[in-house]
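Chemist: next come a sequence and a model predicted from it.
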Amino acid sequence: MTKKASPSRGATSDEQSFESESADRGNAVVIFAPLPVLTVTIEDLSGEADIHVHAGGQGVWQSRMVSSLGVPVVLCCALGGETGDVIGPMLSGKGITVRTVPVTSRNGSYVHDRRSGGRDVIAETAGHPLDRHETDSLYELTLTEGLTHGRVLLSGPQEDDVISPDLYRRLSTDLGANGCQVAADLSGERLEAVLAGKPSLIKVSHEELLADGRAKSEDAKDLVEGMRAMRKDGAGTVVVSRSGAAPALALLGEQDPDNSTRGGDIVEITMPSLEPADSAGAGDSMTAGIVSALAQGESLRRALQIGAACGALNVVRHGLGTGGARAVQTLAERVELRPWK
């Protein structure tokens, strides 16, 4: 790993880069992870406390899954404060190139105790909102990388108030208008904002649809109605993950190359049956798997199978955004896509 252009803390005009290897321009995925968090988890190891320190946040976890499937990642984010100093070197990995904007804001952090089998919150510190100049720098960085590589996944921050939803509108609109494939895993105001750019892929959970008032109930019929409404608002393919054993739903977009499928068809995605270890992060891994497969030239239907396999594999592991490519391919063969009726 090499570290370039190391500015003093609080600088906002220069850019930092932590690189593990160069991103392939042919199929690299740019992931917008605005303000990563420092995560400390306490596990049990033969009756003793086992402490793990990692960089985290939705986009960071997705970058791990994308890179584990053999797709290069360019991770765009902001780092600041003591937590940012610690997070920076931990973001990179095999196949992940990190582009950062140094900011005066502080990245968030949390300490979770998992020795009981759940996630007991010991302490949490929120990240600080970015100012106008820092936001502009992060926009410029992500726009440049997105136009360079042609495929961007927009993920959300850990806290609602650190980034204005309007930044998502600008990125989605400007990237899409210049031929970039935009995917988003968002909810609330950020989802509403990103729809303005007519993204090619939207992934949400059914809980998020309910919370946003886009579905009347968790019944599949109401979820499908909400998905169709998002299509009218500008979304291409819409994927809705569901909790428990309920199959995920996908409203297929026009990029489906299967001549037997008309854009607008709804399919159920039946996951492999596996005993869960930790359900956190399954939806994020699903999104990462879909985007990875599309970047590798897979059909939309195959991408949905791979995404479902990533989500299922994440559930049986304790690390977020983790899973091996061989296991994903094996589980993908057991994912069924059925027409929704």
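Modeler: Yep, it's here. Numbers count the residues shown, from 1 in each chain.

Chemist: CA only for contacts and neighbour counts going forward, please
Modeler: Will do.

Chemist: surely residue 186 touches residue 203?
Modeler: Yes: with contact defined as Cα atoms under 8 Å, residue 186 reaches residue 203; the gap is 7.2 Å.

Chemist: could you pull out the helices for the stretch 51-200 of the chain?
Modeler: Secondary structure of the stretch 51-200 of the chain (DSSP state H, counting those that start in this stretch): helices located at 58-68, 81-91, 132-149, 165-177, 188-194.

Chemist: out of these, nearest to residue 299?
Modeler: Closest to residue 299 of the helices of the stretch 51-200 of the chain, according to Cα to Cα: helix 58-68, at 16.8 Å.

Chemist: follow-up on the earlier one: out of the helices of the stretch 51-200 of the chain, which one sits most buried?
Modeler: helix 58-68 (a mean of 27; mean count of other Cα atoms under 10 Å).

Chemist: so which elements touch that one?
Modeler: strand 29-32, strand 73-79, strand 151-155, helix 282-295 (3 or more Cα pairs under 8 Å, 6 or more residues apart in numbering; DSSP states H and E).

Chemist: can I get the ones you listed in CSV with mean neighbour count?
Modeler: Formatted as CSV, those follow (neighbours: other Cα atoms under 10 Å):
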stretch, mean neighbour count
strand 29-32, 30
strand 73-79, 28
strand 151-155, 26
helix 282-295, 28
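
Chemist: weakest of those by average pLDDT?
Modeler: Here the lowest mean pLDDT among the helices and strands packed on helix 58-68 goes to helix 282-295, at a mean of 93.

Chemist: quick one, that one and strand 151-155 angle?
Modeler: Here helix 282-295 runs at an angle of 170 degrees relative to strand 151-155 (axes from the mean of the first three to the mean of the last three Cα atoms, to 10 degrees).

Chemist: quick one: average pLDDT of stretch 178-196?
Modeler: 96.

Chemist: ok, and what's touching that stretch?
Modeler: Contacting residues not belonging to stretch 178-196 are listed as 146-147, 150-156, 165-166, 168-173, 175-176, 199-204, 208-209, 211-212, 230, 233-235, 284, 287, 291 [Cα atoms under 8 Å, 6 or more residues apart in numbering].

Chemist: now for residue 333, how many residues are close by?
Modeler: 13 (other Cα atoms under 10 Å).

Chemist: what's the answer for the one 5 residues further on, then?
Modeler: By the other Cα under 10 Å criterion, the neighbourhood of residue 338 contains 13 residues.
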